[in-house]
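A.B. asks: Provided below for reference: sequence and predicted model.
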Amino acid sequence: MKSSEITFKKKLIKKVSKNTSPPVKENKKNPFTVVAIGASAGGLEAVTQLLRYIPADTGMAFIYVQHLSPNHKSFLTSILSKITKMKVQEIQNMEHMAPNNLYVIPNNKEIKVIDGHIQLLLRRKSIRTNLSIDFLFSSLAETHKENVIGVILSGSANDGTLGLKAIKDAGGKTFAQDDSAQALSMPKSAIASGVVDYVLSPKEIAAELSRLSMNSYVGADGKLMFKADAVSDDDYGLKIIFELLHKKRGVDFSHYKIPTIKRRLNNRMLQSGVKTIKEYADLLIKDNKAIDLLYKDLLINVTSFFRDTEVFGYLKTSLLPKLLKPKISNEELRIWVPACSTGEEAHSIAMLIIELQYDNPSKMPVRIFATDLSEQAIRVARMGEYPESSMKGISRKNIERFFTKKGDNYCISKEVREMCVFAPHNILRDPPFLHIDFISCRNLLIYFDLVAQKKILATLHYALDEGKYLMLGKSETTGVSSPFFT
């Protein structure tokens, strides 16, 4: 906001911090990887194959979640005990995880992990579909960060896709079963989302997990690291990789935060079977496909509909009503959503505006410009077709109003789509949109160094008309650019 008016940003921070629970502390004693495995229909056959080939002494802890009937006792523990030499146990409430153990979900329960303990929760009757895998994966991503590996095996519907996104965003590693799955919906949904590192058969997943366990060590900060992580920030091979990406894809990743870049580089190196950054740079020079895969991995596309309920509550009750009062006839409200990923944020804002203007005979015209570096993400956004797992932040009323069912997916209405203009855009290089009233730029700055942050904020400031509004993420501030905003 460029005026002396009270800032939306300050109000939002005050409102969010008042109701935010204290952060969960992760137990950093003797860190180890947690492998979370999710499955549904056909999952027993798949997990049996996987466990048959995993050594009992990987130093990892395994949690297995399968969709079970809430009304019948599960026999998974006794069945899987005959397959693996690991200790297999049905989860008791607040079970403390230990390496070389397999923990199995009981029937009619959901589970999440808090500070190294597995908490049992009664399965929620209010939810439309079983999302117990998403629930577990997301809790592990929040507490165990890069020390998590997510695996999606055979199953119907889309459970696990959003959870894998959370794991990927936290720096963990992700797997999905290939076409050997008896039911392809769950692995296919995860693969289509673009967040899966490895697409393999259960036997191949077991081999890769074993390889990862043999190539890990505990870092000085107590975090689990992989041997390919040992890359210094000024390594010459890293500079070559940045130059290649800049030349081939037109993106300068040298201004992205190096720890994030190194985690994703490490994933690609492990999958490529190379041990040093120099070997990987040599591979990229020879193989354009390897550059494409790395570029896709470095673009961070994590979003959801109505992400952060309080934020959208504030938009609906306070900010948008203020902006939807035109000063002159036929004035257009212009909104920009940089780093829009697959479009959920822009579509969420559009839905709010349609609701707010429903009874208004003289509706204000609205244009939402939504941009992203990833052309693949923009294609998904333009299509406006999302899996059922993406619907969890939307009320039943709004699903019925703004979506139509198409097979297992939901297509967003023409009314919402026509309000949004999606386009590829590099915020560090391309000119901004102009005469903007409101910019929603959440959780983009956190991925950049201070030089790039300053450049982005200058671009956003230039795009905004005087007295208009900028919304940042909860962990972001205007920093050195604060004098330009109030």
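C.D. replies: Arrived safely, thanks for sending.

A.B. asks: pull the contacting residues for Ile54.
C.D. replies: 62, 84, 86, 206, 209-210 (Cβ atoms under 8 Å, 6 or more residues apart in numbering). All C-beta atoms are positioned from the backbone trio N, CA, C, and that covers glycine.

A.B. asks: show me what contacts Val421?
C.D. replies: Contact analysis of Val421 by Cβ under 8 Å, 6+ apart lists 367-370.

A.B. asks: so in terms of bridging, what pairs with it?
C.D. replies: Beta bridges link Val421 to Phe369 when assigned by DSSP bridges.

A.B. asks: I'd like the next helix or strand past the helix or strand of the chain with the lowest mean pLDDT.
C.D. replies: Taking mean pLDDT, DSSP states H and E as the measure, the chain has helix 8-18 as its least confident helix or strand, at a mean of 34. On the C-terminal side of helix 8-18, the nearest following helix or strand under DSSP states H and E is strand 34-39.

A.B. asks: list the buried ones in the next helix or strand along the chain from that next one?
C.D. replies: Downstream of strand 34-39, the next assigned helix or strand under DSSP H and E is helix 43-52. For helix 43-52, a neighbour-count test (16 or more other Cβ atoms under 10 Å) marks 43-47, 49-51 as buried.

A.B. asks: can you check stretch 467-486 too?
C.D. replies: Across stretch 467-486, burial judged by 16+ other Cβ under 10 Å covers 468-473, 476, 478, 481, 485.

A.B. asks: top of the contacts of Val421 by neighbour count?
C.D. replies: The most crowded member of the contacts of Val421 is Ala370, carrying 28 neighbours; neighbours defined as other Cβ atoms under 10 Å.

A.B. asks: correct me if wrong: that one contacts Ala339.
C.D. replies: No: Ala370 is beyond contact range of Ala339, at 9.2 Å (criterion: Cβ atoms under 8 Å).

A.B. asks: now, which of the contacts of Val421 sits nearest Phe135?
C.D. replies: Ala370 (28.6 Å; Cβ to Cβ).

A.B. asks: if I pick the closest one, what's in contact with it?
C.D. replies: By Cβ under 8 Å, 6+ apart, the contact list for Ala370 reads 336-337, 340, 343, 345-346, 381, 420-423.

A.B. asks: now intersect those residues with the strands, please.
C.D. replies: By the criterion of DSSP state E, membership of the contacts of Ala370 in strands covers 336-337, 420-423.

A.B. asks: ok, the residue lying closest to Ile133 once chain neighbours are set aside - contacts?
C.D. replies: Among residues not flanking Ile133 along the chain, Gly38 sits closest, at 3.4 Å (Cβ to Cβ, 6 or more residues apart in numbering). With contact set as Cβ under 8 Å, 6+ apart, Gly38 has these partners: 65-66, 132-133, 136-137, 150-153, 155, 159-160, 163, 186.

A.B. asks: which among the residues you listed end up buried?
C.D. replies: Judged by 16+ other Cβ under 10 Å, buried ones among the contacts of Gly38: 65-66, 132-133, 136-137, 150-153, 155, 159-160, 163, 186.

A.B. asks: go through the residues you listed and flag which are in strands.
C.D. replies: Judged by DSSP E, those include 65-66, 150-152 as members of strands.

A.B. asks: and of these, the nearest to Gly237?
C.D. replies: Closest to Gly237, out of all of these and judged by Cβ to Cβ, is Gly150, at 28.6 Å.

A.B. asks: what's the pLDDT at that closest one?
C.D. replies: On the pLDDT scale, Gly150 is placed at 96.

A.B. asks: distance of it from Met97?
C.D. replies: Distance of Gly150 to Met97, given as Cβ to Cβ, to the nearest Å: 15 Å.

A.B. asks: correct me, but Asn93 touches Lys112?
C.D. replies: No: Asn93 lies out of contact with Lys112 (Cβ under 8 Å); the separation is 11.4 Å.

A.B. asks: which neighbours do the two share?
C.D. replies: Gln119.

A.B. asks: re earlier: just the buried residues of helix 43-52 now: which is nearest Lys392?
C.D. replies: Set against Lys392, the nearest of these by Cβ to Cβ is Gly43 (21.3 Å).

A.B. asks: residues contacting the closest one?
C.D. replies: 66-67, 153-155.

A.B. asks: the residues you listed into JSON lines, with extra columns for pLDDT?
C.D. replies: What follows is the contacts of Gly43, written out as JSON lines (pLDDT from 0 to 100):
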{"residue": "Gln66", "pLDDT": "90"}
{"residue": "His67", "pLDDT": "86"}
{"residue": "Leu153", "pLDDT": "97"}
{"residue": "Ser154", "pLDDT": "96"}
{"residue": "Gly155", "pLDDT": "93"}
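
A.B. asks: just the closest of the residues you listed to Leu265, please.
C.D. replies: Once Cβ to Cβ is applied, the member of the contacts of Gly43 that ends up nearest Leu265 is Leu153, at 27.4 Å.

A.B. asks: what separation do you get for that closest one and Pro424?
C.D. replies: 34 Å.

A.B. asks: what packs against the host helix or strand of Leu470?
C.D. replies: Assigned by DSSP H and E, Leu470 belongs to strand 464-472. When contacts are defined as 3 or more Cβ pairs under 8 Å, 6 or more residues apart in numbering; DSSP states H and E, strand 464-472 sits against helix 8-18, strand 436-441.

A.B. asks: checking my notes, Pro259 in a helix, right?
C.D. replies: Yes: assessed with DSSP: H, G, I helix; E, B strand; the rest coil, Pro259 lies in a helix.

A.B. asks: so how many other residues sit close to it?
C.D. replies: Neighbour count for Pro259, taken as other Cβ under 10 Å: 11.

A.B. asks: try Arg442
C.D. replies: Applying other Cβ under 10 Å, I find that Arg442 has 21 neighbouring residues.

A.B. asks: phi, psi for it please.
C.D. replies: phi -100, psi 130 (degrees, to the nearest 10).
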